[in-house]
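*Asks:* Take a look and give me a structure for this.
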Amino acid sequence: MNQIDPSFTVKFEEMHGVLILGISGSLTGQESCVSLIDQLKMLLQKGQKQFVLDMRSVDWINSSGIGFLMRTLATINKNNGQLKLARPSSRVKNILEITHFNELVEVIDNLEKAIYSF
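*Replies:* Numbering: from 1, shown residues only. Prediction:
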């Protein structure tokens, strides 16, 4: 679990070859987001290619958080991986739609469907 910033935590869980990153707190592009990108790079180098960001517990996302999602997507795409977002709150989903991020990444309301969508 990543706990550099107590307002942002990530739990890693693997199911059916898919790595689920359970994000909690505010996604505001803080230092812990940079640490997470570094962890993703290591996982990609080890062969992990399918990722789901479970956003059920994300209570807020700002423009820096969208920037973090863009860097995450770019890092995963550069390494021939795939990213899906799962279970964002209506508030977060609205921000994803306003910024058109939902046009770059599939956003799925159900975690199990996201896992089996690869």
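*Asks:* Need the residue in the chain that's farthest from the chain's center.
*Replies:* Here the chain reaches farthest from its C-alpha mean at K46, the gap being 18.5 Å by Cα atoms, centre = their mean.
*Asks:* Quick check: phi and psi at it.
*Replies:* With angles defined as degrees, to the nearest 10, K46 sits at phi -80, psi 0.
*Asks:* where's it relative to G81, distance?
*Replies:* For K46, the distance to G81 (Cβ to Cβ, to the nearest Å) stands at 12 Å. For every residue, glycine as well, the C-beta is placed using N, CA and C.
*Asks:* Then I66?
*Replies:* According to Cβ to Cβ, I66 and G81 sit 19 Å apart.
*Asks:* How about V92?
*Replies:* Going from V92 to G81 by Cβ to Cβ gives 22 Å.
*Asks:* what stretches of this structure score poorly on pLDDT?
*Replies:* Scanning the chain with the threshold set as pLDDT under 70 gives 1-6, 30-32.
*Asks:* So what touches the host helix or strand of L21?
*Replies:* If you go by DSSP states H and E, L21 is part of strand 18-27. Under the criterion Cβ atoms under 8 Å, 6 or more residues apart in numbering, residues 5-14, 33, 36, 43, 48, 50-62, 65, 68-69, 86, 92, 111, 115, 118 lie in contact with strand 18-27.
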